[in-house]
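Chemist: Structure for this input, please:
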Amino acid sequence: MSDDSQQPIVVKRIKKGGAGGHGGAWKIAYADFVTAMMAFFLLMWLLGSTTKGDLKGIADHFQTPLLVALFGGSGAGDASSVIQGGGEDLTRSHGQVKRGEVEAPTKRINLQALKADFERIEKGRLEGLQAELEALIEANPALQQFKNQLLIDITAEGLRIQIVDEHNRPMFDSASSEPRPYARQILRAIGPLLNKVENRIALAGHTDATPFVGGDRGFGNWELSTNRANASRHELVIGGLQDSKVIRVTGYASTVLFDQAQPTNPINRRISIVVLNKRTEEAILGDGKEITAAAALESFPPGQSAPAAPALPGR
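Modeler: Presented below is the predicted three-dimensional model:
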C-alpha cells in the first residue's frame, strides 16, 4: 500500500452566518421613517393653522432669540403667542397687547369718519381751485371784463363754473353752437387750471325758455344746448384740458333755469362746468358700467362738427 493511501482525508466546512435582511434592524429604520413623516405632517399642520403674527414671532426668535426675548420686535407676534414679540399682528382684531401696556378694547375702523375726512380734504382742494380761478380772472385783463359772466360756487356735486350770457354779450350767436371769440378765450384759459385736481369734469348746456323756431325739423333747444356743451368741451381741450377728464356732456334745454322768475332772461343761456366730487363721479359711473372716462362724451365724438341749425331766433 502506498504512502498516499495512509494520509487522512480532511473535509473543510465553512459555517455561514444568517443574512442581515433576516434580522430586526430594518424595523428600527422603518420606525424612524414613520416618526419623521409624522413630525413633518405635524409641522405642516401647525404652519397652516398659525397666524402670521405667530409665524413672524417664531422666525424672529430663531434668528435673534436674545434680541426678541429682551426687547420684542415689530411684527414679532401677538400677546397670545407662545414666543412673545413686541409687534402687532394686523390680521387679528383682539389679543394685541404691547409690552408694558394694558389691553384696550378692540378698535374698529370708523368708515363714516374716514369718508367725512376724505370729503373735507376734497372740498378743501376744490376751494383752492376756486380761489385760483378767481385770482386768474382778477389778474387777466382780458378775462376781468367778463367777470360778471363767470359764476363760481361750490355745490353738492362739486365746484361749478357757470359762463352765462349777458343781454348784449352772448357766448354763442343766435341759433348757433359756434362760440364767440371771447367765449373761446374764457374756455381756453380755464382748461389748464382744471388739470390741477384729479377730479373728473361734467359739462352741461342750457337755454332760456324761448321756443326754438323750426322745431318741426327735429332740431330744437335740446339739440342746441347739447351742441353748445360739446363745443365748450372742445375749446377746453384746445386750451389744455385732458380730454380723458371729461365723463359727461349733456344738454338740458330750458329744464333747469337759472332765473326761474324770468324764463326768457339771457342769464338762463349758459354753460356749466362742474369739477365733480368723488361721490358724484361714482354715482355717474355707477349708472352704467360701460361708461369710462375716455368714452363718456355721450352723443358727440371729439372733433365732429355739430349738426347745422337753421339761422332763426335762437336761445
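Chemist: Please count neighbours and contacts with C-alpha atoms only from this point.
Modeler: OK.
Chemist: count of neighbours near Lys27?
Modeler: Other residues near Lys27 come to 10 when the count uses other CA atoms under 10 Å.
Chemist: Please, which helix or strand holds it?
Modeler: In the assignment (DSSP states H and E), Lys27 maps to helix 25-49.
Chemist: And the average pLDDT for that helix is what?
Modeler: For helix 25-49, mean pLDDT is 87.
Chemist: Need the residues that contact that helix.
Modeler: Leu55 (CA atoms under 8 Å, 6 or more residues apart in numbering).
Chemist: May I have whichever helix or strand comes after that helix as PDB, with CA atoms only?
Modeler: Where DSSP H and E defines the elements, the next helix or strand beyond helix 25-49 is helix 52-63. Below are the C-alpha coordinates for helix 52-63, written out as PDB (Å, rounded to 0.1, in the frame of the first residue of the first chain):
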ATOM      1  CA  LYS A  52     -49.000  85.400  10.500                       C
ATOM      2  CA  GLY A  53     -48.000  87.200  13.700                       C
ATOM      3  CA  ASP A  54     -47.100  84.000  15.500                       C
ATOM      4  CA  LEU A  55     -45.100  82.800  12.500                       C
ATOM      5  CA  LYS A  56     -43.200  86.100  12.400                       C
ATOM      6  CA  GLY A  57     -42.500  85.800  16.100                       C
ATOM      7  CA  ILE A  58     -41.200  82.200  15.800                       C
ATOM      8  CA  ALA A  59     -39.000  83.200  12.900                       C
ATOM      9  CA  ASP A  60     -37.600  86.200  14.800                       C
ATOM     10  CA  HIS A  61     -37.000  84.100  17.800                       C
ATOM     11  CA  PHE A  62     -34.800  81.600  15.900                       C
ATOM     12  CA  GLN A  63     -33.000  84.300  14.000                       C
END
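Chemist: Check which helices and strands helix 52-63 sits against.
Modeler: Secondary-structure packing of helix 52-63 (3 or more CA pairs under 8 Å, 6 or more residues apart in numbering; DSSP states H and E): helix 65-71.
Chemist: Just the buried positions in the helix or strand following the helix it packs on, please.
Modeler: The helix or strand immediately downstream of helix 65-71 is helix 111-139, counting by DSSP H and E. By neighbour count on 16 or more other CA atoms under 10 Å, the buried set for helix 111-139 is 122-123, 125-127, 129-130, 133-134, 136-137.
Chemist: can you list the residues you listed in TSV and add pLDDT?
Modeler: Output for the buried residues of helix 111-139, formatted as TSV (pLDDT from 0 to 100):
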residue	pLDDT
Glu122	88
Lys123	88
Arg125	89
Leu126	89
Glu127	91
Leu129	88
Gln130	90
Leu133	88
Glu134	90
Leu136	86
Ile137	86
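Chemist: Out of those residues, which is nearest to Leu257?
Modeler: Nearest to Leu257 among the buried residues of helix 111-139: Gln130, at 23.1 Å, using CA to CA.
Chemist: For the buried residues of helix 111-139, name the two members farthest from one another.
Modeler: Greatest spatial distance in the buried residues of helix 111-139: Glu122 and Ile137, 22.9 Å, computed using CA to CA.
Chemist: where exactly do the strands run in the stretch 101-250 of the chain?
Modeler: 150-154, 158-164, 201-206, 246-251 (DSSP state E, counting those that start in this stretch).
Chemist: With mean neighbour count added, can I get those strands in a markdown table?
Modeler: Listed next are the strands of the stretch 101-250 of the chain as a markdown table, based on neighbours: other CA atoms under 10 Å:
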| stretch | mean neighbour count |
| --- | --- |
| strand 150-154 | 16 |
| strand 158-164 | 22 |
| strand 201-206 | 26 |
| strand 246-251 | 23 |
